[in-house]
Every structure is written in C-alpha cells, then in structure tokens.
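> Sequence first, then the predicted structure:
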Amino acid sequence: MKEKLYQILPDFLQGFLISMFNYLAYKDRYGNNYRKYRLEFLKNRKLSLDDLMKIQKERFRKFLSHSKKESGFYSQYQLVDLDDINLLPIVSKEDLRKKIDQVYTIPKKKGIVSKTGGTTGKSLEVLFTKDNMQERFAMLDDFRARFGYELGKKTAWFSGKNLLTKTDVKKNRFWKTDLFYKVRYYSTFHIKEEYLKCYVQDLIKFSPEYIVGFPSSILEIAKFGIKNNYIFPENTVKAVFPTAETVTREMRDVIGRFFKTKLYDQYASSEGAPFIFECKNENLHLEMQSGIFEVLDHTNKPAKSGRLIITSFTTDGTPLVRYDIGDSITLEDSHKKCDCGNHNPLVKEVLGRIDDFIFSPENGKINLGNVSNTLKDTKGIIKFQVIQNHIDKIEILVVKDSLLFNEKVETIFLKNWYDRVGTNMEINLTYVENIPVEKSGKFRIVKNNIKKFL
C-alpha cells in the first residue's frame, strides 16, 4: 500500500516522504548514546597500540560473556581470553542462517532489522540493538568526520534504493532529494550511456560536498564526464566514501580526477562486521575498538593473507563470534607504521568481492551491490548465482530452502530483478541442489560471459 501511494504522489511529496522516513530511522541511529560514542571515539583517535589491545581484550571478554548468557546458539561456548580465541569454533554463514532464531538475543520487535543481500549470494536477517546501531554510526561518522563530513552536509548518495517512478525515467530524472538532510539519492539502476549525461549535469548543478555509495556506479559517471569533456567545479567535493564494493586503482584514479577530490575507503558489512578505515595517508587500518580480525589460511592457521574471520563487538542482538564473513584480506608488514596518528594495525589490501556486473540493454550495468540486494525481503533462498551468456537473457541458479521458499518469495525475487534489469530482459530461474565453487575455492555470485564483448 505504501509503495503504491508513493508511486502516484508528485515528486516534491515523494521527497517529503523520504525525509520523514529518514527522520524516523535517524531517531534510532542518532539516539541518546550516539553523542557519547562520538566523544569517546574522538578521544581515542590517537591511543597507543597497547591501549587499543587492552580495550579489545576487555570488550571481547564482555561480548563473549553476553553472547553465552543471552544467545542459545552460543550457550555451550567456553569463556576464554582473547589469546585463546582459536579454541572457539568458526561459524559459517550457513550455520548462522540455519540457526538464526537461536542466535538472536532480542525479539524482532525490539531490534533494528538489517536485511542483508550479501555478495556471496546467501541472505541473512540480523537484529541490532539500538545501542549497537548508535555505536556503529558513531564509529562510521567519526571516520568520515576526519574529512569534514557531518549529517546535514550536502551529499550525493548512490545506493540500492529503488526510489524512481516511470514518470521520473520519462523525465530523465534519476534522483530523489531529501531536502531536510540535504541528501540527493541517485538511482544506481539506470547507469547506462544514454542517461549518464543527465547524471553528470545534475551532479554539477547539485554540487555536493560529499559523495557516498557504490564506487562502480560513481566510476561510470566519472568516465563519461571525462570522455565528454565535462568540467566538475573545483573545491566542491571534499571526499568520496565508497560502500559495498571493493575499490580498484582505476576507481581511485578516475573518480578522483573527475570530481577533483580523494576517495577514502572503509570496510564493514550489513550483518555487522567490525570496521576497517582508510586514513588521510591512504592507508587502511583495522579498527580494534570495533572487533577482532583473524586472517587464516586453508588450514585455519594465522596468515598474513587469507580468509577473514571476524568477531564484532557491536552485534549484541545477533552475536558474531568467529564468523567466516566470506571475504579475505592481506595484512601489511608489521614493521610498517603510519604517521597519521592512528596506531591500529595496517591492512595492505581487502581482497574478494571484486566488482562484477550484469549488463542490461535497458538499464546498463547492474553492479554487484545491486545484484546482491535482489535478496532483500525474501526468505528461503540459500544461495544463488546469475549467469549471463546473452545480452538480453540471464539464467539464475537458486538453491532454496523448501520450508521457507514459496511462490510469493519467487515473485518478490523476480520483481527485485526486473527492477534492476528492466522488463525486456528474459530471466530464467533454475532450482538446483548445489552451486559449485570455482577452482580457486571462491563462490561467484555473478558470471558474466559477455562483458568482454561490451
């Protein structure tokens, strides 16, 4: 009903509804404890590595105790010190998905629901406490504040929000604006050659101070702007903050060149992974106050480069203890130091989740963030993989949970896809028992076999 009402309202009233929705969401995110956390993280910015380790050990002790006491899933866990964390089992995404109701420590009505798509193709619905959500946003905003950002500054946002109507597309209007918070949400479902001119011209007119969102979408706009000799105003964008996708060197160079600014990366996840933040020197730092990062090889031994196992201190509602998040990282040499003032350990590279895309003749490139978001509001899809062998046709392999999956879920899943690729694309769903991994051992959610011809 709400969606139908939104579709028939004029543009300015749609913007008003977006502002109201954000206002209600921000009441939870920026509640009573948010300011307390902001002050705490500001105070702790230049703590020594020893002091950060003390905080991490104490927070782990409290978090493990809470998880064991409040979550049925962790009730049989040993209470160990951080030095002995390897004695605890590793939790896979499938373990979490199957037993999620046992993992929760709070009822859904008291939590903040985060419906994750996940670039590995497995859906999860996690619950955050309001306090955890406020701490996570305080930590994220503390990072962005180092480059001048605060909520309310003019921002261009590229995310998976599907806010446009058919009228908007007809009018070449690929954005919606929250006037109250000064945020313009640009559609990432219509990034194609014939529309890019509209994006570039409006971004120049809007002149945001900050740009946030899927870097692959921002990259396409920057490429078009450079190719067609558009000049973005000097000293306008202070920073670009990418989300959801791995940042490549091309992204940094092209986006920075067109928007005349720098890109500052960060790593987290919808299910609540601890943070990795980039500093002013373009070095990535583990944020030890947010959780524990273990890098393990294929035998589960500590390694410099390997798969990432996380324990996140801001997931009291759905505790994540030694959770295999499906990503991998490479740590920097321990002797390398950064003079930015942040003494958290350095990360050389966040691996995995290198962006792939589906190409739609109607809507252009559908990036990995938007592909993974097709799982939102669905249940019973254990895993999926989308394969493109033809420009106007895709095949989607689906592993389903027969107890949860039904025709209604299939309808929602298909609608999510048509929202992204357009109604002219042929979509074939094939239900399978298993989807094999690649020879490398990595699962690919997207296999685009025509992109070399585009």
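Perfect, thanks for sending it. Residues are numbered from 1 along each chain as shown.
> Look at the closest residue to residue 148 other than its chain neighbours and report its pLDDT.
Excluding its sequence neighbours, the residue lying closest to residue 148 (C-beta to C-beta, 6 or more residues apart in numbering) is residue 238, at 5.1 Å. Where you see a C-beta, it was placed from the backbone N, CA and C, and this is true even at glycine. Looking at residue 238, its pLDDT stands at 97.
> Relative to residue 155, how far out is residue 238?
Look at residue 238 and residue 155: by C-beta to C-beta, to the nearest Å, they are 10 Å apart.
> So the two - more neighbours on which side?
More crowded of residue 238 and residue 155, by other C-beta atoms under 10 Å: residue 155, with 22 against 16.
> what residues are up against the more buried one?
149, 182, 183, 184, 208, 209, 210, 211, 212 (C-beta atoms under 8 Å, 6 or more residues apart in numbering).
> any idea how far it lies from residue 186?
As judged by C-beta to C-beta, residue 155 and residue 186 stand 11 Å apart.
> Residue 229 too?
Relative to residue 186, and taking C-beta to C-beta, residue 229 is found at 21 Å.
> Comparing those two, which shows the higher neighbour count?
Comparing residue 229 with residue 186 by other C-beta under 10 Å, the one with more neighbours is residue 186, at 29 against 6.
> which non-adjacent residue is nearest that one?
The shortest distance from residue 186 to any non-neighbouring residue, by C-beta to C-beta, 6+ apart, is to residue 175 (4.7 Å).
> residues contacting the one you found?
Neighbours of residue 175 in contact, by C-beta under 8 Å, 6+ apart: 184, 185, 186, 187, 202.
> Next: residue 158.
185, 186, 188, 211, 212, 213, 214, 217, 218.
> rerun at 7 Å
186, 188, 213, 214, 217, 218 (C-beta atoms under 7 Å, 6 or more residues apart in numbering).
> SS state for it?
Under DSSP: H, G, I helix; E, B strand; the rest coil, the three-state class of residue 158 is strand.
> The residue nearest to it when sequence neighbours are not counted - how many residues pack around it?
Once flanking residues are discounted, residue 158 sits nearest to residue 213: 2.9 Å by C-beta to C-beta, 6+ apart. Applying other C-beta under 10 Å, we find 24 residues neighbouring residue 213.
> how about the helices in this protein?
2-8, 11-29, 34-43, 49-70, 93-98, 100-103, 130-145, 166-170, 193-206, 215-227, 249-259, 368-372, 407-421 (DSSP state H).
> before we move on, the earlier item: name the residues contacting each of residue 238 and residue 155.
Joint contacts of residue 238 and residue 155 (C-beta under 7 Å, 6+ apart) are 209, 210.
> give me the beta-bridge partners of residue 185?
residue 157, residue 176 (DSSP bridges).
> I'd assumed residue 160 was in contact with it.
No: counting by C-beta atoms under 7 Å, residue 185 does not reach residue 160; the two are 10.2 Å apart.
> Would you mind measuring from the residue nearest the centre of the chain to residue 389?
Centroid-nearest residue in the chain: residue 244, 3.4 Å away (criterion: C-alpha atoms, centre = their mean). As judged by C-beta to C-beta, residue 244 and residue 389 stand 26 Å apart.
> and what of residue 295?
From residue 295 to residue 389 the distance is 36 Å (C-beta to C-beta).
> Who has more neighbours out of the two?
Using other C-beta under 10 Å as the criterion, residue 295 and residue 389 rank with residue 295 on top: 18 against 11.
> Can you give me every residue that contacts the spatially closest residue to that one that is not a sequence neighbour?
In space, and not counting its chain neighbours, residue 295 is closest to residue 306: 4.9 Å by C-beta to C-beta, 6+ apart. Contacts of residue 306 were listed using C-beta under 7 Å, 6+ apart, and they are 295, 296, 297, 328.
> pLDDT score for residue 441?
So, for residue 441, pLDDT stands at 43.
> sorry, that was for residue 5
At residue 5, pLDDT is 67.
> Use 3 as the first number from now on
Sure, I'll start counting at 3 from here, so that last one is residue 7.
> Which elements pack onto the longest strand anywhere in the chain?
Longest strand in the chain, counting residues (DSSP state E): strand 322-333. Packing partners of strand 322-333 (3 or more C-beta pairs under 7 Å, 6 or more residues apart in numbering; DSSP states H and E): helix 95-100, strand 307-314, strand 348-353.
> So for residue 26, which of these sits nearest?
Closest of the helices and strands packed on strand 322-333 to residue 26 is strand 307-314, at 25.4 Å (criterion: C-beta to C-beta).
> Centre of the chain to the closest one, how far?
Offset of strand 307-314 from its chain centre (C-alpha atoms, centre = their mean, to the nearest Å): 16 Å.
> angle of it against helix 51-72?
Per axes from the mean of the first three to the mean of the last three C-alpha atoms, to 10 degrees, the angle that strand 307-314 makes with helix 51-72 is 60 degrees.
> Quick one: work out the angle between strand 307-314 and strand 348-353.
100 degrees.
> so for strand 307-314, what's the average pLDDT?
Computed over strand 307-314, the average pLDDT equals 92.
> mind listing what's buried in it?
308, 309, 310, 311, 312, 313, 314 (16 or more other C-beta atoms under 10 Å).
> Equivalent analysis for stretch 335-355, please.
Result for stretch 335-355 [16+ other C-beta under 10 Å]: buried residues 340, 342, 344, 345, 346, 347, 348, 349, 352, 353, 355.
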